[in-house]
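Student: Coordinates for the following, if possible.
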Amino acid sequence: MGRRQLCVVVTVLIALGLAGCSKDEPESDAEKETSKQATTDEKVRRVAKIRTAQQLVNATNDAIMLYYVTMNAYPDNQRALEALIKPPADEAEAKKWHNRGPFLQGDKIPVDPWGRPLRYKLLAGDEAANAPHPFRIWSVGPDGISGTFDDLTN
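Tutor: Now for the predicted structure:
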């Protein structure tokens, strides 16, 4: 707890003790300030998670681009992000993969700050023609539902 937060808490405790306040009485200014601080802290944590998720999506995007340069193809939808951490079964392809792979650290598909794995889709047809990349990588965001306004994508 920071010094300012501690001062606010002490002030609230003193105010409650001196005024003989009960929970039925309206909030004091100090209590309102404490509530605002908690709200601000929650907002900071939420923004930090969103920024972390976007950085993870961007780093995974970069790993897919390196995969493409190495393998001369993007990961297909079947292997998806697993292609970045595990070599293909085909021996010739595995040899190419081992020249630069694995393309991500660790042996698991990246997980966003909310504990959910990133998603990947190789685009085709009109969907690919209208996209900045021929693939989509995304976090489903804070709500955990794909296709909503809070998704974080490349």
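
Student: chain center to the helix ranked longest in the chain: distance?
Tutor: In the chain, taking DSSP state H as the definition, the longest helix is helix 29-71. Centroid displacement of helix 29-71 relative to its chain, using Cα atoms, centre = their mean, to the nearest Å, is 6 Å.

Student: C-terminal to it, what's the next element?
Tutor: Downstream of helix 29-71, the first helix or strand assigned by DSSP states H and E is helix 91-100.

Student: Can you point out the buried residues in that following helix?
Tutor: Residues of helix 91-100 classed as buried by neighbour count (16 or more other Cβ atoms under 10 Å): residue 97. (Each C-beta comes from the backbone N, C-alpha and C, glycine too.)

Student: Could you tell me the angle between that helix and helix 29-71?
Tutor: 130 degrees (axes from the mean of the first three to the mean of the last three Cα atoms, to 10 degrees).

Student: What helices and strands are in contact with helix 91-100?
Tutor: If you count contacts as 3 or more Cβ pairs under 8 Å, 6 or more residues apart in numbering; DSSP states H and E, helix 91-100 packs onto helix 29-71.

Student: so for the helix it packs on, what's the average pLDDT?
Tutor: On average, the pLDDT along helix 29-71 is 85.

Student: Report all helices and strands that it contacts.
Tutor: Where contact means 3+ Cβ pairs under 8 Å, 6+ apart, helix 29-71 is packed against helix 3-19, helix 91-100, strand 135-139, strand 152-153.

Student: quick one: contacts for residue 127?
Tutor: For residue 127, the contact set (Cβ atoms under 8 Å, 6 or more residues apart in numbering) is empty.
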